[in-house]
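Trainee: give me coordinates for this.
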Amino acid sequence: NESKGFGFIKPSDSSEDIFVHVSGLIDEIRENDNVKYDVEKGKKGLNAVNVEVLN
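Mentor: Here you go, the predicted model:
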């Protein structure tokens with residue numbers, strides 16, 4: 001969600017969605033982009049960081 005500065009990534013293995021904040025992005029992402037990312041444990045669950053779009 002661009003206006004709120006956060007969203008969720010749905011992993012291809014169909015596990016639980018992972019929270020991503022705009023501060024964790026390397027590239028600008030859009031819905032349905034294929035991305036790679038690292039996962040960190042946050043206060044409220046898993047967070048995606050170092051998010052990059054795959055070509």
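
Trainee: mind checking how far the residue nearest the centre of the chain is from Asp27?
Mentor: In the chain, the residue lying closest to the centroid (CA atoms, centre = their mean) is Val20, at 3.9 Å. Computed as CB to CB, to the nearest Å, the Val20 to Asp27 distance reads 12 Å. In short, each C-beta sits where N, CA and C put it, glycine included.

Trainee: identify the contacts common to the two.
Mentor: Taking CB atoms under 8 Å, 6 or more residues apart in numbering as the criterion, Val20 and Asp27 both touch Val51.

Trainee: if we can go back for a sec, the residue nearest to the centre of the chain: what's its closest spatial neighbour, skipping adjacent residues?
Mentor: Ala48 (4.1 Å; CB to CB, 6 or more residues apart in numbering).

Trainee: the one you found bridge partners, please.
Mentor: Note on Ala48: beta-bridge partners Val20, Val39, judged by DSSP bridges.

Trainee: what is the neighbour count of it?
Mentor: Other residues within reach of Ala48, judged by other CB atoms under 10 Å, total 24.

Trainee: where along the chain do the strands fall?
Mentor: Using DSSP state E, the strands assigned to the chain run over residues 6-9, 18-21, 35-42, 45-53.

Trainee: mind listing what's buried along the last one?
Mentor: Applying a neighbour-count criterion of 16 or more other CB atoms under 10 Å, one finds Leu46, Asn47, Ala48, Val49, Val51 buried in strand 45-53.

Trainee: what's the closest of these to Asn34?
Mentor: Distance to Asn34 across the buried residues of strand 45-53 (CB to CB) is lowest for Val51, with 11.2 Å.

Trainee: from what I see, that closest one and Asp33 are in contact.
Mentor: No. Using CB atoms under 8 Å, Val51 is not in contact with Asp33; the gap is 9.3 Å.

Trainee: if I look at Lys4, how far off is His21?
Mentor: Going from Lys4 to His21 by CB to CB gives 10 Å.

Trainee: residues in contact with Leu25?
Mentor: Per CB under 8 Å, 6+ apart, neighbours of Leu25: Val51.

Trainee: bridged to it, which residues?
Mentor: Bridge pairing for Leu25 - DSSP bridges - gives Val51.

Trainee: residues near the residue nearest to Val22 when sequence neighbours are not counted, how many?
Mentor: Nearest residue to Val22 in three dimensions, chain neighbours excluded: Gly5, at 4.3 Å (CB to CB, 6+ apart). Using other CB under 10 Å, Gly5 has 11 neighbouring residues.
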